[in-house]
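Asker: Curious how this folds, go ahead:
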Amino acid sequence: MKLQCEVEVINRMLPTFGMKNRGKGARAVLSVGRQQDKGAGGIAAIYLLICTQKDRAGSKYKLKENIEHFFTKFVEEGKATVRLKEPAVDICLSKANASTLKSFLSVVRLAHLGNTAEKLPLSILTPAKTSEVEKPKTKLTIVSKQDYPLTRNFPYSLEQLQASYCRLARIDMRMLCLKNLRKLDLSHNHIAKLPATVGDLVHLQELILHNNRLEAFPAVLCGSTLRRSLHSLDLSQNRLRALPIQFCQLQELVHLKLDDNELIRLPFHIGQLIKLRLLTAARNKLPFLPHSFQGLALENVDLFGNPFQEADPLLPSIQLKIPLTLLECAAQAVVNYRIPYASHLLPAHLCQDLDVSKRCKCGRACLNSFIHITVTMNLHNVSHTVVLVDNMGGTEAPVMCYFCSVGCYSQFLDKYLQSNR
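Answerer: Next comes the predicted model:
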């Protein structure tokens with residue numbers, strides 16, 4: 001039985017002599033096994049062997065009836081302490097896999113009891129291999145297909161992984177087992193689809209999928225643990241035409257890159273990304289920006305090379321229904337009074353309609369009955385730094401606006417005409 005973790009051996013007698021422990025753990029491999037005990041007539045006794053990079057032969061501690069106490073309050077965090085009687089030391093364990101640590105402590109406890117020694121499936125103790133006591137690898141970069149591992153697994157301890165120019169057609173499932181992963185760079189591959197299991201990477205902060213063949217971003221990822229962890233997302237140079245309605249659930253996003261796709265619209269509620277500071281969506285097919293875009297507070301925005309339509313507030317598109325249908329009235333009430341709804345309460349198509357409800361200038365909601373126009377917005381109103389929208393030096397872009405009634409549109413029109421006299 002072996003356990004890889006950080007270990008600090010604290011001698012409890014040192015303070016008696018006015019001395020202090022070093023107070024620093026070291027990467028080690030702990031083994032519980034048998035070894036011939038010359039002092040006991042050649043009977044195999046069970047020992048705990050601690051091997052480090054500096055001491056691969058290791059230090060041995062007898063276990064039978066030699067444990068004073070187990071400290072396991074933080075075992076779920078991969079921490080525990082084993083207090084020995086002789087010598088008077090505390091063996092402090094940290095940064096261990098929680099389930100492996102529990103199993104290891106169970107074996108140590110059985111060895112301490114002594115009467116089950118023959119039943120434990122233990123081997124003879126041997127010095128640790130160099131690979132076992134080396135510091136865990138946290139970063140791996142692969143930039144060619146020849147270097148991509150086909151027969152061996154990725155180190156479980158990886159926090160940053162780059163696998164670029166490897167011609168990957170899909171995400172390797174072995175990557176999705178790396179639970180410590182914080183940055184995953186799969187740029188310059190041939191990936192066409194993202195599996196839902198990407199959302200199982202609970203610590204993932206940065207996902208780079210630049211220059212692949214993605215045609216969609218799965219809605220299921222927006223509701224996964226990524227909504228609490230993902231800070232940076234690069235989807236540039238793919239084949240995306242739209243992002244799902246649920247995309248704005250990724251509330252922790254700070255950087256979002258969408259350049260060189262085929263986007264015909266940005267997420268409807270993009271203004272809900274209150275932490276977003278950098279947005280690039282250059283060279284797409286955006287005719288206008290969503291109404292909620294005005295709620296962003298960016299540091300840098302780049303919308304160059306989009307075929308923006310010319311805004312004309314005097315040419316409204318009228319989709320009013322008079323009188324309002326019962327469905328429209330009920331939907332407005334749900335949105336205005338913030339009544340919770342979900343697919344287990346309402347039909348799925350109604351939930352989708354509510355998800356894209358519009359807001360009038362007066363603050364009221366509208367669903368399928370509204371007037372909409374495009375107005376010009378200077379991007380400096382939402383961003384400190386603005387990349388020019390076109391080659392003419394412009395920094396303005398059309399934004400969609402909605403009105404719930406003729407009265408609200410008339411009030412806007414009066415103000416607009418007065419300001420342009």
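
Asker: In this protein, which helix is the longest?
Answerer: Longest helix of the chain, by residue count under DSSP state H: helix 98-113.

Asker: elements contacting that helix?
Answerer: Using 3 or more Cβ pairs under 8 Å, 6 or more residues apart in numbering; DSSP states H and E, the elements in contact with helix 98-113 are strand 2-11, strand 26-37, strand 43-52, strand 67-71, strand 80-84. The C-beta positions use only the backbone N, C-alpha and C, and glycine is treated the same way.

Asker: Apply 10 Å and report the result again.
Answerer: For helix 98-113, the packing partners by 3 or more Cβ pairs under 10 Å, 6 or more residues apart in numbering; DSSP states H and E come out as strand 2-11, strand 26-37, strand 43-52, strand 67-71, strand 80-84, strand 89-94.

Asker: How is this protein divided into domains?
Answerer: The record's domain parsing of the chain by automatic domain parsing lists 2-13+26-36+45-133, 139-285, 317-381+392-419.

Asker: lowest-confidence stretch among those domains?
Answerer: Comparing mean pLDDT across the domains of the chain, the weakest is domain 2-13+26-36+45-133, with a mean of 83.

Asker: tell me how far that domain is from the chain's mean position?
Answerer: On the basis of Cα atoms, centre = their mean, to the nearest Å, domain 2-13+26-36+45-133 is displaced by 34 Å from the centre of the chain it belongs to.

Asker: The closest residue in space to residue 364 that isn't next to it in sequence: how many residues sit nearby?
Answerer: Computed as Cβ to Cβ, 6 or more residues apart in numbering, the closest residue to residue 364 that is not its neighbour in sequence is residue 404, at 5.0 Å. Per other Cβ atoms under 10 Å, the neighbour tally for residue 404 reads 24.

Asker: where's residue 404 relative to residue 91, distance?
Answerer: In this view, residue 404 and residue 91 are 69 Å apart by Cβ to Cβ, to the nearest Å.

Asker: same deal with residue 260?
Answerer: 55 Å.

Asker: same check, this time on residue 200
Answerer: Residue 200 is 33 Å from residue 91, by Cβ to Cβ.

Asker: do the same with residue 335
Answerer: Distance of residue 335 to residue 91, given as Cβ to Cβ: 60 Å.

Asker: before we move on, what about residue 233?
Answerer: 43 Å.

Asker: before we move on, what about residue 161?
Answerer: 33 Å.

Asker: ditto for residue 334
Answerer: Applying Cβ to Cβ to residue 334 and residue 91 gives a distance of 59 Å.

Asker: likewise residue 381?
Answerer: Distance from residue 381 to residue 91, by Cβ to Cβ: 61 Å.

Asker: about what we covered before: more neighbours, residue 335 and residue 91?
Answerer: residue 91 (21 against 17).

Asker: quick one, what contacts the more buried one?
Answerer: 7-10, 28, 30, 48, 50, 59, 61, 67, 80-84, 108 (Cβ atoms under 10 Å, 6 or more residues apart in numbering).

Asker: all helices for the stretch 251-400 of the chain, in order.
Answerer: Assigned by DSSP state H, counting those that start in this stretch, the helices in the stretch 251-400 of the chain fall at 326-336, 348-355.

Asker: Mean neighbour count, those helices: which tops it?
Answerer: Highest mean neighbour count among the helices of the stretch 251-400 of the chain (mean count of other Cβ atoms under 10 Å): helix 326-336, with a mean of 15.

Asker: Residue 307: neighbour count?
Answerer: For residue 307, using other Cβ under 10 Å, the count is 10.

Asker: nope, residue 5 is what I was after
Answerer: Residue 5, neighbours per other Cβ under 10 Å, totals 21.

Asker: Equivalent analysis for residue 221, please.
Answerer: Counted with other Cβ under 10 Å, the neighbours of residue 221 add up to 24.

Asker: next one: residue 191
Answerer: 18.

Asker: Please list all residues in contact with it.
Answerer: Per Cβ under 10 Å, 6+ apart, neighbours of residue 191: 167, 168, 169, 170, 171, 209, 211, 212, 213, 214, 238.

Asker: Distance to residue 114 and neighbour count for those residues - can I get that in CSV?
Answerer: Below are the contacts of residue 191 laid out as CSV (distance: Cβ to Cβ, whole Å; neighbours: other Cβ atoms under 10 Å):
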residue, distance to residue 114, neighbour count
167, 58, 11
168, 53, 18
169, 56, 12
170, 53, 12
171, 50, 19
209, 56, 25
211, 62, 18
212, 59, 23
213, 62, 14
214, 60, 17
238, 63, 23
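
Asker: with those in mind, which one is nearest to residue 278?
Answerer: residue 209 (16.4 Å; Cβ to Cβ).

Asker: looking at it, the closest one is touching residue 184, isn't it?
Answerer: Yes - taking contacts as Cβ atoms under 10 Å, residue 209 lies within contact range of residue 184: 8.8 Å.

Asker: picking that back up, buried subset of the contacts of residue 91?
Answerer: For these, a burial check counting by 16 or more other Cβ atoms under 10 Å picks out 7-9, 28, 30, 48, 50, 59, 61, 67, 80-84, 108.
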